[in-house]
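Participant: Sequence and predicted structure below; questions after.
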Amino acid sequence: MSEPQGSESTRRMPVMPVMEKGSESGALGQSASASDYEPLHTVDDEDGGQGRFWSVRRVPAGILAVLVLVVAGAFLYDITAVRAHRPAMHWRRELARQLAEQPLDDTWVLVGAGIAAALGIWLIVLAATPGLRDVLPMRRTHADVRAGLHRGAAAMALRDRAMEVAGVQSVRVRMGRKKVDVRAVSHFRELDDVRADLDATLADGIRGLGLARPPSLSVHVRRPGRKG
């Protein structure tokens with residue numbers, strides 16, 4: 001008998017598990033595992049995928065706009081004054097003289113050129129990169145709706161799920177765009193059993209976050225350190 005497709009009970013399970021346990025596990029008092037998860041079929045699979053959110057770059061754009069406005073306004077005012085048969089402003093005459101007399105290998109000329117080049121590269125990087133690294137794109141179930149989840153909120157949700165596992169004393173969750181690193185401390189139960197429960201619980205938690213690109217999961221469980 002074939003099972004019905006598309007139901008909640010037949011969702012894809014984690015694939016490519018890597019279990020790191022053996023003789024050294026018991027000696028070190030640690031247990032670790034890593035898994036990757038396949039994303040579910042959503043609208044993103046049909047429209048080419050869900051990219052990251054782009055930052056509007058208000059601060060760099062505002063600073064650049066003010067600088068351009070000030071410099072362009074000063075030059076425009078001076079050129080207009082010269083056209084009106086008035087003498088050029090002192091700062092422009094001095095700048096022209098310095099540019100004419102200063103050699104290209106002068107230290108201050110090289111420093112100014114380096115600063116200008118660094119600012120140009122910085123602006124190019126800002127224009128070519130999306131930014132907003134802390135916002136994780138979520139799956140799109142509707143073509144006209146787009147949502148994102150903050151990495152801190154996602155890490156807190158997974159930490160709350162991990163604390164529900166029996167035997168877990170404390171948990172630290174580090175949420176990345178491609179990987180979730182979970183480090184737990186267990187004060188009772190076998191470490192492998194705790195790790196297995198954490199794998200299942202956190203795998204379900206990652207799927208529940210609804211991310212467009214579910215990150216891989218890495219779980220490490222250890223005993224608490226000795227006091228004194």
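Facilitator: Yes, it's here. Numbers count the residues shown, from 1 in each chain.
Participant: can you pull out the strands in this protein?
Facilitator: 15-20, 30-36, 135-137, 148-150, 168-175, 179-186, 216-222 (DSSP state E).
Participant: what's in contact with the fourth one?
Facilitator: The reference is to strand 148-150. F53, L132, D134, V135, L136, P137, M138, L209, G210, L211 (C-beta atoms under 8 Å, 6 or more residues apart in numbering). Using the backbone N, CA and C atoms, a C-beta is placed for each residue, glycine as well.
Participant: isn't the last one right next to R139, touching?
Facilitator: Yes - L211 sits in contact with R139 when judged by C-beta atoms under 8 Å, with a separation of 6.8 Å.
Participant: now the strands of the chain in CSV, with distance to P103 and mean pLDDT?
Facilitator: Listed next are the strands of the chain as CSV, based on distance: least, C-beta to C-beta, whole Å; pLDDT from 0 to 100:
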stretch, distance to P103, mean pLDDT
strand 15-20, 62, 39
strand 30-36, 59, 66
strand 135-137, 49, 87
strand 148-150, 53, 88
strand 168-175, 53, 93
strand 179-186, 53, 93
strand 216-222, 56, 92
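Participant: Please tabulate the ones you listed in JSON lines, including the columns distance to V82.
Facilitator: Shown next, in JSON lines, are these (distance: least, C-beta to C-beta, whole Å):
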{"stretch": "strand 15-20", "distance to V82": "72"}
{"stretch": "strand 30-36", "distance to V82": "68"}
{"stretch": "strand 135-137", "distance to V82": "51"}
{"stretch": "strand 148-150", "distance to V82": "53"}
{"stretch": "strand 168-175", "distance to V82": "60"}
{"stretch": "strand 179-186", "distance to V82": "62"}
{"stretch": "strand 216-222", "distance to V82": "65"}
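Participant: Columns mean neighbour count and distance to I124 on top of those, output as a markdown table?
Facilitator: Rendered in a markdown table, the data for the strands of the chain read as follows (neighbours: other C-beta atoms under 10 Å; distance: least, C-beta to C-beta, whole Å):
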| stretch | mean neighbour count | distance to I124 |
| --- | --- | --- |
| strand 15-20 | 12 | 38 |
| strand 30-36 | 19 | 34 |
| strand 135-137 | 21 | 23 |
| strand 148-150 | 16 | 25 |
| strand 168-175 | 17 | 29 |
| strand 179-186 | 20 | 29 |
| strand 216-222 | 22 | 32 |
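Participant: which stretch among these comes nearest Q98?
Facilitator: Minimum separation from Q98 across those (C-beta to C-beta) falls at strand 135-137, 46.7 Å.
Participant: Which strands or helices does the closest one pack on?
Facilitator: In terms of contacts (3 or more C-beta pairs under 8 Å, 6 or more residues apart in numbering; DSSP states H and E), strand 135-137 is packed against strand 148-150, helix 151-163.
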